[in-house]
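Undergrad: Let's see this in three dimensions:
(2 chains)
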Amino acid sequence: MRHVIRRIGIYLLAIWAALTINFFLPRLAPGNPAEIVYQRLSQHGAVSPATLKALEIEFGVNTTDPLWVQYIAYLNNLLHGNLGISTNYFPNTVTQIIGQDIKWTLVLLTVSVVLSFTLGTLIGIVVAWRRGTALDTVLSSVMTFFYSILYPWLALMAVYFLGYTLGWFPFADGYDVTLTPGWNLDFLLSAAYHAILPALTLIISTVAGWMLTMRNSMITTLSEDYVLLAQAKGLRSRRVMFAYAARNAILPSVTGFAIALGTVVGGALLVEIVFSYPGIGYALFQAIQSQDYSLADGILLLIIVATVLMNLVVDMLYTALDPRVRQERSA
Amino acid sequence: MTRRPILDVKHLCVDYLAEDGVVHAVDDVSLTLRRGEILGLAGESGSGKSTMAYAITRLLRPPAEITGGEVLYDGRARANGEMTPSVGPVDILRLKPAQLRAVRWSEIAIVFQSAMNALNPTMTVGTQVLDVLATHRPEMPKPERNARARALFEMVGIAAERLKSYPHELSGGMRQRATIAIALALSPELIIMDEPTTALDVVVQREILTELMRLRERLDLSIIFITHDLSLLLEIADTVAIMYAGRVVESTSAHALHRQPRHPYSFGMLHSFPSLRGEQRLMTGIPGSPPDLRAVPAGCAFHPRCPLVYAPCSQVVPALMTMPTDSAAITDSGEQSVACHRYDPARSEGKPLPTATEMEDGYATLSSAFQEAGKA
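TA: Residues are numbered from 1 along each chain as shown, chains lettered A, B, ... in the order given. Prediction:
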């Protein structure tokens, strides 16, 4: 218990450090969001200087307050879930935009990561169990090939051939835009249909990594005496394979899995850009392109918090999975 | 009364297929274990004694491969009908996978050297007892299995509450006791013990051995005991086989071996341990080190380290030959076999049978020669 509290303390510290950097970094850069919106507005006609003043107050910039007052105001805003206003989608708040985009990312990536991990790990277990056989040789070579494919290339090929040339799959947007989003079958089917290609490319490019990690770890574990003893005990192969070998070999993969889940929130930038998918990664990409600092900041913050949280989850998962860690930590 | 053999290993050969050729880890080894006895298998590291254990239980993995021989196992008829009344010995090497699984653990169990590595670290020791019972005794009700697990732990001297512990929560001695409890789970007839006490400190070693001897008496176990500690074998074993570079060089009763080791290697091994009582003498041991199995010396593999070496030793591999036991007092132990040209009338070139003095002096000379060579 003491251990968990200590870990949570460390993670809170990490989040605080990230917040602080997040606060100071944009303020070191030239220009401010109020000016950007002001300039955009003035392109459409004359805008009074009073508008600029109003914008500056709205964005909370260019004030006479000392930096530490601004910093405290910023922390206070964060605590109330106020991440500021997007310049790009003015006057929408960053929280609104993130809340809208994150659903797409979460569903697409969670499903892909979980499927890829499960599939890759299972293949890794079986292939290691039958190492040296034809199955191992063929699967391991194919997987090494997948492993070395550059993701953008794979995604572009999928868009070009399966999407553009053959027209089998849509390759832009998260759903058919003529439909109204909501809990109706047409919309859900359309969303699933749109997710197939991005998910497929994601799985193909990552499954090999899981498989190779598991295969290597499994082969090391298979030479352990306890696996030999389990065989000598006359246990069924499936029990030896899973309860004795895989159960111990999976520990390194679990860390990787939780880290991968942590990146889910940040969105796979490349996937969402290539497939113009309305997720958080695509939003970040657009925010950076159009200098929408508050939105980019907000998304970065989210990524940091998600990563830290996932680390905490790995920690607890490890404690649950490995009794030896349990003891060391309670001691 | 000579008891029927429970295990008869005949001309067993195990090769390791290496990239640069084949290594004969076990080369034409024959052993016999009689029911209720302890057969000691002794030798230095790399002599093939552990490979023997894995070969008998068919646990060898590539690149190791059994290339010949038979492992005849003659189980007693089981009252509960699991084994049909014995129809004579079966060759373990020819059992089908399902038959092999049935023989494993219910007939032949193994205890490994390092109990830490032999227990699954992510499973309680209790579960590791229970899964044996669940696999081999599916008809046994759960409460009965639990009771059996508790009884087993108490039998080997661990409190039954320890069933809930993970391996890392137990001391080294307790872990080894736990692996012995697991081995006894199905009341096997034969237990193969691969250096079961080597990783333990001497006090715990002694406790475990005493426990083992008690259990063996009570459960009528037959045991193959593998160790490098020959003096330990003299104490507990009925018969002893000494291996060198994959071959048996001497096979005899523990009694005869103690009284008169025939092979110069056995002699050297026995004399590498100081005796507590006898007179003080210079400990010479056996100079040199065991051969690399990829380049075993021609002829007798031991000849570069042998105090009795002469011409035929580097040319012809000596066969294991039966010696007549020269004392009428020994009636129970059967024969003494040795693989050395000096005991073979056809090759001894008129030399007399080696004596203890000759071997002792020979080792002393050899040691100083090795030391000289080391300095130069």
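Undergrad: Could you tell me how many residues sit around B:Arg61?
TA: 11 (other CB atoms under 10 Å in any protein chain shown). Using the backbone N, CA and C atoms, a C-beta is placed for each residue, glycine as well.
Undergrad: which residues touch it?
TA: A:Ser223 (CB atoms under 8 Å, 6 or more residues apart in numbering or on different chains).
Undergrad: Quick check: it vs B:Ile242, distance?
TA: According to CB to CB, to the nearest Å, B:Arg61 stands 26 Å off from B:Ile242.
Undergrad: before we move on, what about B:Met140?
TA: Counting by CB to CB, the gap from B:Met140 to B:Ile242 is 42 Å.
Undergrad: The two: which is more packed in?
TA: B:Ile242 (29 against 13).
Undergrad: Confirm that the more buried one sits in a strand.
TA: Yes. B:Ile242: assigned to a strand according to DSSP: H, G, I helix; E, B strand; the rest coil.
Undergrad: close enough to count as contact, it and B:Ala254?
TA: No. The criterion here is CB atoms under 8 Å, and B:Ile242 misses it with B:Ala254 at 11.2 Å.
Undergrad: For A:Thr307, which non-adjacent residue is spatially closest?
TA: Spatially, and ignoring its direct neighbours in sequence, A:Thr307 is nearest to A:Gly262 (4.3 Å; CB to CB, 6 or more residues apart in numbering or on different chains).
Undergrad: What separation do you get for the one you found and A:Phe117?
TA: A:Gly262 is 13 Å from A:Phe117, by CB to CB.
Undergrad: B:Met213 now?
TA: 51 Å.
Undergrad: and residue 252, helix, strand or coil?
TA: I'll assume chain A. Applying three-state DSSP: A:Pro252 is helix.
Undergrad: right idea, wrong chain: chain B
TA: Applying three-state DSSP: B:Thr252 is strand.
Undergrad: Just the pLDDT for it.
TA: B:Thr252 carries a pLDDT value of 88.
Undergrad: now B:Ala147
TA: 93.
Undergrad: picking that back up, can I take it that the residue nearest to A:Thr307 is in a helix?
TA: Yes. Counting by three-state DSSP, A:Gly262 is located in a helix.
Undergrad: From chain B, how far off is it?
TA: For A:Gly262, the distance to chain B equals 24 Å [CB to the nearest CB, to the nearest Å].
Undergrad: and that residue, what is it in contact with?
TA: A:Gly262 neighbours (CB under 8 Å, 6+ apart): A:Ala306, A:Thr307, A:Leu309, A:Met310, A:Asn311.
Undergrad: Now go through these and say which are in helices.
TA: Assignment to helices by DSSP state H places the following of these there: A:Ala306, A:Thr307, A:Leu309, A:Met310, A:Asn311.
Undergrad: Same list (these) but as JSON lines, adding neighbour count and distance to B:Ile158.
TA: Output for the ones in helices among the contacts of A:Gly262, formatted as JSON lines (neighbours: other CB atoms under 10 Å in any protein chain shown; distance: CB to CB, whole Å):
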{"residue": "A:Ala306", "neighbour count": "17", "distance to B:Ile158": "47"}
{"residue": "A:Thr307", "neighbour count": "21", "distance to B:Ile158": "45"}
{"residue": "A:Leu309", "neighbour count": "16", "distance to B:Ile158": "42"}
{"residue": "A:Met310", "neighbour count": "20", "distance to B:Ile158": "41"}
{"residue": "A:Asn311", "neighbour count": "18", "distance to B:Ile158": "39"}
